[in-house]
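> Requesting a structural model of the entry that follows:
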Amino acid sequence: MAQFVTDERGGVTVLLDGHPQSYVDPDDPGFLAFEYQQQLGIVVDTQPDGPLRVTHVGGAGLTLPRYVQHTRPGSPQIVLEPDAALTEQVRAHIPLPRGHRIRVRPTSGEAGIADLKPDSADLIVVDAFADGRVPAGLTTTAFFATAADKAPILAMNLADEPDWRYLSRVLAGAATVFEQLSILSTKDTLKRRRYGNVVLIAGAANLHELQRRSASAPVPTGVLGPAQVAKLAASARPFTDTDVQRSPQPPDPGQWRVR
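Below you'll find the model as predicted:
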């Protein structure tokens, strides 16, 4: 069940299953409150200038589609969100801006990505959680192969414990298809001090721009480049359709905070 909590600045936090899933400031779509949203925004900002064809797996409050529309007006976007009731609630509580080109399809990420035409997107963003965990079907070698056929770059919000056993297996799967992998996260998460979100960039990312923009992020953010990530990927076996799992259980929702 979705909950909508409005703060003193007029921003709205969307909670699913008790976990903060999205934060939207209707008056300032360029404001990204959560750390991982800021990192996904950095990936968007490092893409070539002009409108972007973006497909999003996971909708919730439609925070990043709003950000893309705000920073790159006219961008045609598809959002794959199987929870049609949630989408209706979001539209009612936090209406989309006028003139947007955001289309929401009530389908799963796996089915929705498979239905896209080859090379139909410039960027695929995967930010999908159920019960606070990344669905298993979105991290298999088959999913990455399908996604790579649709877009040259994929950005994925992941979460793991400090041992990074789960993350390493996801990286191993992405490495079977994409030649270059990088990751963005807060510096304390990169130092493996706590459970945290990590954004994977699969594809030929502009490493210099990622580093430059990360250095000025609101929360101290770091980048692990292709050489470092390749070592992590090589240390694990990828997830397959017959050997798959969700991301680890997140900490108590009360420990999460909006920045």
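
> can you pull the pLDDT of the residue lying closest to residue 82 once chain neighbours are set aside?
Closest residue to residue 82 in three dimensions, ignoring its sequence neighbours and counting by Cβ to Cβ, 6 or more residues apart in numbering: residue 108, at 4.9 Å. Yep, even glycine has a C-beta here, placed from its N, CA and C like the rest. Per-residue pLDDT puts residue 108 at 95.

> Please list all residues in contact with residue 108.
80, 82, 137 (Cβ atoms under 8 Å, 6 or more residues apart in numbering).

> Out of those, grab the one that's most surrounded.
residue 80 (25 neighbours; other Cβ atoms under 10 Å).

> list the contacts for that residue?
Taking Cβ under 8 Å, 6+ apart, one finds 55, 56, 57, 58, 59, 105, 107, 108, 109, 112, 113 in contact with residue 80.

> so what's the fifth one closest to, chain neighbours aside?
For residue 59, ignoring the flanking residues on the chain, the nearest one in space by Cβ to Cβ, 6+ apart is residue 81 at 3.1 Å.

> Please enumerate the helices of the stretch 51-200 of the chain.
63-71, 84-93, 109-115, 141-150, 165-175, 187-190 (DSSP state H, counting those that start in this stretch).

> from the chain's centre, how far out does the shortest one sit?
Think helix 187-190. Offset of helix 187-190 from its chain centre (Cα atoms, centre = their mean, to the nearest Å): 18 Å.

> Residues touching it, excluding its own?
Contacts for helix 187-190 (Cβ under 8 Å, 6+ apart): 183, 194, 196, 197, 198, 220, 221, 222, 224.

> Give the buried residues for that helix.
Within helix 187-190, the residues scored as buried using 16 or more other Cβ atoms under 10 Å are 189, 190.

> how close does residue 70 get to residue 41?
Distance from residue 70 to residue 41, counting by Cβ to Cβ, to the nearest Å: 10 Å.

> my bad, should have said residue 225
Distance, residue 225 to residue 41, by Cβ to Cβ: 20 Å.

> okay, these two: which has more neighbours?
For the pair residue 225 and residue 41, the greater number of neighbours falls to residue 41 (21 against 15), based on other Cβ under 10 Å.

> Which residue, other than its chain neighbours, is closest to that one?
Counting by Cβ to Cβ, 6+ apart, the residue nearest residue 41 is residue 32, at 4.9 Å.

> who touches the one you found in this structure?
Per Cβ under 8 Å, 6+ apart, neighbours of residue 32: 23, 38, 40, 41, 63, 64, 67.

> go on, residue 123?
With Cβ under 8 Å, 6+ apart, residue 123 has these contacts: 43, 44, 47, 52, 53, 54, 55, 151, 153, 154, 155.
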